[in-house]
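Asks: sharing a sequence plus its predicted fold:
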Number of protein chains: 2
Amino acid sequence: MRDVAALSGVSLKTVSRVVNLEPGVSADLVERVQTAAAALQFRPNLTASSLRRSDGRTQTIGLVLENIANPYSSALHRAIEDVARSHEVVVFAGSVDEDPARERELAGTFLARQVDGLIVVPAGADQSYLAHELRAGTPMVFVDRPPNLLDADAVTTDNFAGARDAVRHLIAHGHRRIAYLGDLSSIFTAEQRLNGYLDALERAGIVLDADLIWQNLRSSDHAQTAIIELLTAAEPPTAVFASQNLVTIGAVRGIAALGKQFEIALVGFDDIPLADLVSPRVSLVIQDVHALGAAAAELLFDRINGSDLPTQRITLPVHLVTAGSGEITGPFAA
Amino acid sequence: MRDVAALSGVSLKTVSRVVNLEPGVSADLVERVQTAAAALQFRPNLTASSLRRSDGRTQTIGLVLENIANPYSSALHRAIEDVARSHEVVVFAGSVDEDPARERELAGTFLARQVDGLIVVPAGADQSYLAHELRAGTPMVFVDRPPNLLDADAVTTDNFAGARDAVRHLIAHGHRRIAYLGDLSSIFTAEQRLNGYLDALERAGIVLDADLIWQNLRSSDHAQTAIIELLTAAEPPTAVFASQNLVTIGAVRGIAALGKQFEIALVGFDDIPLADLVSPRVSLVIQDVHALGAAAAELLFDRINGSDLPTQRITLPVHLVTAGSGEITGPFAA
DNA sequence: CATTGTCTCGACAACGTTGTCAGGCTCCCG
DNA sequence: CGGGAGCCTGACAACGTTGTCGAGACAATG
């Protein structure tokens, strides 16, 4: 900037005014400064600018995700990017891989870089380490899972209702022995979905068989092994509820490996890629990930722009997309 | 930092020394400063720090991608994130959607934030706008596609050989009428892959039929429409080479819609999700996206750490994964 | 005991930018 | 022709941190 000022023969402050489009600079000086800036390929240093600016904004937000490469996370990321872009804000993102220590570390490095706000898919059971920064005025919004031990905005989907409806659907098609395949039970969404499963069974008067519940399946391979074991056991289920996308994929592979695609009813929670092309086809509880991300980002930017409404908890609905697999009838069909 | 200094009764500089683990501070002062910092939940301001530091590093890199939500881009992103993390660097990323203006804008906003380096999947036909920053010392590496009108490092895959091998494979299974379905022809990889297709045909002495070449298919829907039109024409192809993942997905849908999954041989370039579960199954030319991203990131960090080797162009090999679809025999099978 | 060296520590300036404020100019009015 | 208002412009300090340098304390050396 100093060079631009020297070349155009004005003061630093005038260059600053021109660069920031401030009014009150004569037309010929604006012209002179702009040609000088163009000649020198001048690009203002936004970090210095935000250091000095009164509001301290860096036009930057941080995004703490489960795993950037996972389609769920990357869909969220894209939705948030689009909203951020409309505010001329760029996004830092990082993967946490369900590791609470990594979550904390990543949030910390974003905060150290003076992000204007933070969007977090929490992995750990305690977000109180953020309380100080939150009180100090850094807005934060939690997505997919609410924060623990911290009072902050959150946008989640209706996991309980989605799981309950999925299992009800299977019951309505005549199933009584319905297996539950689930992710790490410590994850909020996994717990909610298990509760939905249990609720649907109880209301239908079906006695729980604990052997049909498999949790803590951390990959599609684990899920595949689990479903093969379930289906080859003495009293196999006639239907399966898979509570997460990787688990659903493992279930599909397992059913395909056993050649039972026309015998076992399967409903999964979360979308899976190319769901319309896989065999066996699978009925799915779909959440609108784009809407989730957009809602979280809008909430965050409202806070950044000064909103001081009470903490909000938004729950978005899900819907069941039937695809012929969940509709395989069971032995108790009417 | 001022508060920490006041609370522990030392100067700013001593706090700085403790925070940066510089030697030459007595043990009891280190202790006092650390407890004061902890009490105040002090977090150093990295933007101010990098402004003042002699090397000016922000421990930040920028990543310009086609579309963050696309599995190819997000796999690249994750590979780069992992390398960046090992250097204690965080990553800005953004989507360009094949828009050259957006590419330029995004690279500019990253540079204005003083990133230590840039990794770009270029969308436009001219990256000379980066020449000034490159000469000024900001390292840049291009991935998947080389830069145009700019001398910089690039890591790409062997698109020509992959396409040629795919088409050779179809020819070896007795096909002569092989369609080419391709992405936007302005994209470097699309051009290379078309050349590979043409080369394989020519070396096999097959006369080109221009009606079998469909380019500029920008989505899987377009590709699906195109393949349905091709397969229902007067002289349909017996095999199809789909030159990109979205195009392959459209081709799979189109073939499935026509019920021709056991008649048409299909080979696609790039992996598609759940490739082992889709019907019809599809043979694929796979590139190692993780290795691509990792190689680009390593190259970038070498530059950031001072390497001044001549510009490098790295090409990674691809390999064909057969899955029963590319192996459907054609009318000229031996 | 004087001198030298080493080890700690702090004062000060600087990174590139913007907020504040004062000064100079022009114009118009009485 | 004096004076007040309004418009441009620049000098200066400041944002939060670190590089430089010098001062003071103390030990080792002759």
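Replies: Structure's in. What do you need?
Asks: drop to CA atoms for contacts and neighbour counts, all remaining ones
Replies: Fine.
Asks: how much space between the closest residue to chain B within the stretch 201-334 of chain A and DNA strand C?
Replies: Using C-alpha to the nearest C-alpha, the single residue of the stretch 201-334 of chain A nearest to chain B is A:V278, 4.2 Å away. Counting by C-alpha to the nearest atom of the strand, to the nearest Å, the gap between A:V278 and DNA strand C amounts to 54 Å.
Asks: nearest spatial neighbour of that residue, skipping sequence neighbours?
Replies: Counting by C-alpha to C-alpha, 6 or more residues apart in numbering or on different chains, B:V278 is the residue found nearest to A:V278 once chain neighbours are left out, at 4.2 Å.
Asks: count residues in the vicinity of that neighbour, would you?
Replies: Number of residues near B:V278 (other C-alpha atoms under 10 Å in any protein chain shown) recorded here: 22.
Asks: for it, give me phi and psi.
Replies: B:V278 has phi and psi values of phi -80, psi 160 when expressed as degrees, to the nearest 10.
Asks: ok, now A:V143?
Replies: phi -120, psi 150.
Asks: re the thing from before, can you tell me which residues contact the residue nearest to A:V278?
Replies: Residues touching B:V278, when contacts are defined by C-alpha atoms under 8 Å, 6 or more residues apart in numbering or on different chains, comprise A:274, A:277-279.
Asks: got the residues of chain A near chain B?
Replies: Taking C-alpha under 8 Å from any C-alpha of the partner chain as the test, the list of chain A residues beside chain B reads A:41, A:43-48, A:51, A:67-71, A:74-75, A:77-78, A:81, A:90-95, A:112-114, A:132, A:253, A:273-274, A:277-279.
Asks: what distance do you get for A:G124 to DNA strand D?
Replies: Between A:G124 and DNA strand D the distance is 27 Å, computed by C-alpha to the nearest atom of the strand.
Asks: element containing A:I228?
Replies: In the assignment (DSSP states H and E), A:I228 maps to helix A:220-231.
Asks: next, the buried residues of whatever helix or strand comes next after that helix.
Replies: Next in sequence after helix A:220-231, counting helices and strands by DSSP H and E, comes strand A:239-242. Using 16 or more other C-alpha atoms under 10 Å in any protein chain shown as the burial criterion, the residues of strand A:239-242 that qualify are A:239-242.
Asks: which SS state does the residue lying closest to A:L7 once chain neighbours are set aside fall under?
Replies: The spatially closest residue to A:L7, leaving aside those adjacent along the chain, is A:A36, at 6.2 Å (C-alpha to C-alpha, 6+ apart). Three-state call for A:A36 (DSSP: H, G, I helix; E, B strand; the rest coil): helix.
Asks: ok, now which ones touch A:A36?
Replies: Neighbours of A:A36 in contact, by C-alpha under 8 Å, 6+ apart: A:4, A:7-8.
Asks: closest to A:G62 among those residues?
Replies: Proximity of the contacts of A:A36 to A:G62, judged by C-alpha to C-alpha, is greatest for A:V4, which lies at 32.9 Å.
Asks: wait, a strand at A:V115?
Replies: No - inclusion of A:V115 in a strand is not indicated when three-state DSSP is applied; the result is coil.
Asks: now pLDDT too, for the buried residues of strand A:239-242, in a markdown table please.
Replies: Rendered in a markdown table, the data for these read as follows (pLDDT from 0 to 100):
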| residue | pLDDT |
| --- | --- |
| A:A239 | 96 |
| A:V240 | 96 |
| A:F241 | 97 |
| A:A242 | 97 |
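Asks: how about the residue of the stretch 201-334 of chain A found nearest DNA strand D, nearest residue that isn't a chain neighbour?
Replies: Here the stretch 201-334 of chain A gets closest to DNA strand D at one residue, A:I304, 17.9 Å apart by C-alpha to the nearest atom of the strand. Distances taken as C-alpha to C-alpha, 6+ apart place A:P139 nearest to A:I304, at 6.2 Å, with adjacent residues excluded.
Asks: same check, this time on A:V318
Replies: For A:V318, the closest residue by C-alpha to C-alpha, 6+ apart turns out to be A:Q287, at 4.7 Å.
Asks: cool, and A:R2?
Replies: Ranked by C-alpha to C-alpha, 6+ apart and with sequence neighbours excluded, the top spatial neighbour of A:R2 is A:L12, at 6.2 Å.
Asks: now do the same end-to-end measure for stretch A:233-244.
Replies: Using C-alpha to C-alpha, to the nearest Å, one end of stretch A:233-244 lies 23 Å from the other.
Asks: make that stretch A:296-311, sorry
Replies: In stretch A:296-311, first residue to last residue: 13 Å (C-alpha to C-alpha).
Asks: before we move on, back to that, so the residue nearest to A:I304 makes contact with A:D116?
Replies: Yes - applying C-alpha atoms under 8 Å, one finds A:P139 in contact with A:D116, separated by 7.2 Å.
Asks: neighbours around A:D158, how many?
Replies: Neighbour count of A:D158, defined by other C-alpha under 10 Å: 20.
Asks: and stretch A:54-62, average pLDDT?
Replies: Stretch A:54-62 comes out with an average pLDDT of 94.
Asks: for the strand or helix carrying A:F92, which strands pair with it and how are they oriented?
Replies: Secondary-structure element containing A:F92, defined by DSSP H and E: strand A:90-95. When pairs are called by DSSP bridges, strand A:90-95 turns out to pair with strand A:60-65 (parallel), strand B:90-95 (antiparallel).
Asks: can I get the ones you listed in TSV with mean neighbour count and distance to DNA strand C?
Replies: As requested, the strands paired with strand A:90-95 are arranged in TSV below (neighbours: other C-alpha atoms under 10 Å in any protein chain shown; distance: least, C-alpha to the nearest atom of the strand, whole Å):
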stretch	mean neighbour count	distance to DNA strand C
strand A:60-65	26	16
strand B:90-95	24	20
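Asks: the residue nearest to A:V282 when sequence neighbours are not counted: neighbour count?
Replies: Once flanking residues are discounted, A:V282 sits nearest to A:S325: 4.9 Å by C-alpha to C-alpha, 6+ apart. The tally of other residues near A:S325 (other C-alpha under 10 Å) stands at 22.
Asks: isn't A:S325 right next to A:S283, touching?
Replies: Yes - with contact defined as C-alpha under 8 Å, A:S325 counts as touching A:S283 (5.7 Å).
Asks: identify the contacts common to the two.
Replies: With contacts defined as C-alpha under 8 Å, 6+ apart, the residues adjacent to both A:S325 and A:S283 are A:266-267.
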